[in-house]
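Asker: Give the three-dimensional model of this entry:
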Amino acid sequence: MLAWTVAQVGLCLLVAPWARRLTDRERVGRVVRPVGGASMTLYLWHMLLVAAAFYLTGLAPEPAFASSAWWTLRVPWLVVLGIVMTGVVVALGPLEHVLSLLYEWARPHADPRRPWRLWLGLAATAAALT
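Answerer: Numbering: from 1, shown residues only. Down below sits the predicted model:
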């Protein structure tokens, strides 16, 4: 698992300059920016919806990992995930925007003259975790 993680990180670092140049283009940026801001929410929701709909109901076959049937099902699986992801982006986009505005309004702003609040919060958190 560690080798696979290191390989993926290396691949991401290798592709990053090219991806940045691509997303700096105006047309590509208009598509990527809205999705990027909600990427974790989007990932979790669309995977949860698809996995629940297909695996818990028994609709999706579960061939052995890396078998020929498993590889054959990758393309339809990615198409289904893409369709669901598009629906989730369209449905949750306005909600995500409202929640981000609410967060900006409600988040506490640290007072740089009173760092004791931060230290007190850190101490309370450390005590609770221990």
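
Asker: Pull up the gap between the nearest residue to Leu81 once chain neighbours are set aside and Val79, please.
Answerer: Nearest residue to Leu81, sequence neighbours excluded (C-beta to C-beta, 6 or more residues apart in numbering): Val50, at 5.8 Å. The way it works is simple: take the backbone N, C-alpha and C, and place the C-beta from them, glycine included. As for Val50, its distance to Val79 is 11 Å (criterion: C-beta to C-beta, to the nearest Å).

Asker: Who has more neighbours out of these two?
Answerer: Val50 (18 against 10; other C-beta atoms under 10 Å).

Asker: now the helix or strand the more buried one falls within: how far from the chain's centre is it?
Answerer: Applying DSSP states H and E as the criterion places Val50 in helix 39-51. Distance of helix 39-51 from the chain centroid (C-alpha atoms, centre = their mean, to the nearest Å) equals 8 Å.

Asker: Let's see that helix as CSV, backbone CA atoms only.
Answerer: C-alpha atoms of helix 39-51 as CSV (Å, rounded to 0.1, in the frame of the first residue of the first chain):
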residue,chain,number,x,y,z
SER,A,39,-14.3,18.2,-4.4
MET,A,40,-14.3,16.3,-1.1
THR,A,41,-18.0,16.7,-0.6
LEU,A,42,-18.6,15.8,-4.2
TYR,A,43,-16.4,12.7,-4.0
LEU,A,44,-17.9,11.4,-0.9
TRP,A,45,-21.5,12.0,-2.0
HIS,A,46,-21.3,10.5,-5.4
MET,A,47,-19.3,7.5,-4.3
LEU,A,48,-21.8,6.9,-1.4
LEU,A,49,-24.8,7.2,-3.7
VAL,A,50,-23.3,5.0,-6.4
ALA,A,51,-21.9,2.4,-4.0
